[in-house]
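J.: only geometry, no sequence info:
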């Protein structure tokens, strides 16, 4: 089958497209899925770089959507032909295999795609939508009238996070890396859109010196200090990624000095502890998408063989919205 392999840790050049990769077989409690679309995420980049040490070589890809092709032993509640989506089937050091024509998924992590929602839309919204849901409902319960800072608001996660925060009654101050991305953040519902340079001062000005209630930071090293400076007394810093690099050697005494701040580093696996929680979040995401209340934006569709270029584009911050890999149905060309 067609697949993309990370042959070693490193830059996008370690991603190699192959056309004769061994097809995975579903074990007990697993299903084999014909992948129609797979999501590209910063966690894939972290795994490729070796930040999350997945044993090499491996097939990246932590999420996707498609049709069930085969059942492993002891599978109930799922049938061949079902349309399903999945996201993060285990830990960050697990190889999930989504960059391929077929992937093995735990049956209890396969989410049914509702009638009326196409498979590509399900692939574009599930992981980022569930992440935005837990961040605004549980990590910090966003309340009416709060001021929320969302970094990288023109991205796939940032756009949905902005929409969820606005739906809960918050005022969103969004940051973007390029003036051309302002319109995308505005379309998601941001009240104020600013660049990264001097954003803490802009937040203070916009809140009459009080500061934001919560900062959602997936950028990491480049924005972390400014995020702390943006917060009100007893505000919350939610560090949810490190696109610019990890935050290192942090002195927790700074939280006291900046106003008894809260700091948390959440991960989606801990907010999808069982199938009940998984389906509850997924149901909210899919229902909002079907109603138009949640509007995912696909910023790029790449043939599977162009996974390397997708990584380059995502890392360069040239993109907006969600990036998808679409497995080819004919001859697999090049890497």
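T.: Arrived safely. Please read all numbers here as calculations on a predicted model, not as lab measurements.
J.: use CA for all of it now, contacts and neighbours both
T.: Fine.
J.: show me where the stretch 151-300 of the chain has helices.
T.: With DSSP state H, counting those that start in this stretch as the criterion, the stretch 151-300 of the chain has helices at 156-167, 182-187, 199-206, 224-230, 253-257, 275-291.
J.: what sits up against the fifth one?
T.: In this case it means helix 253-257. If you take C-alpha atoms under 8 Å, 6 or more residues apart in numbering as the criterion, helix 253-257 is touched by 261, 262, 263.
J.: how many neighbours does the closest residue to residue 313 other than its chain neighbours have?
T.: For residue 313, ignoring the flanking residues on the chain, the nearest one in space by C-alpha to C-alpha, 6 or more residues apart in numbering is residue 319 at 6.3 Å. For residue 319, the neighbour count with other C-alpha atoms under 10 Å is 18.
J.: Quick check: residue 319 is in a strand.
T.: No: going by DSSP: H, G, I helix; E, B strand; the rest coil, the assignment for residue 319 is coil, not a strand.
J.: Hmm, residue 156 and it touching each other?
T.: No: Residue 319 is beyond contact range of residue 156, at 9.2 Å (criterion: C-alpha atoms under 8 Å).
J.: Which strand runs longest in the protein?
T.: strand 30-40 (DSSP state E).
J.: give me the beta-bridge partners of the closest residue to residue 202 other than its chain neighbours?
T.: Spatial nearest neighbour of residue 202, chain neighbours left out: residue 194 (7.7 Å); criterion: C-alpha to C-alpha, 6+ apart. Beta bridges link residue 194 to residue 175, judged by DSSP bridges.
J.: measure residue 194 to residue 179 for me?
T.: Using C-alpha to C-alpha, to the nearest Å, we find residue 194 at a distance of 8 Å from residue 179.
J.: These two: which is more packed in?
T.: Using other C-alpha under 10 Å as the criterion, residue 194 and residue 179 rank with residue 194 on top: 20 against 11.
J.: can I see the domain layout of this protein?
T.: Split into domains by automatic domain parsing, the chain comes to 3-125+271-326, 144-265.
J.: Tell me the pLDDT of residue 93.
T.: The score at residue 93 is 87. That number is its pLDDT.
J.: Adding distance to residue 135 as columns, could you present the domains of the chain in TSV?
T.: Shown next, in TSV, are the domains of the chain (distance: least, C-alpha to C-alpha, whole Å):
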stretch	distance to residue 135
domain 3-125+271-326	9
domain 144-265	8
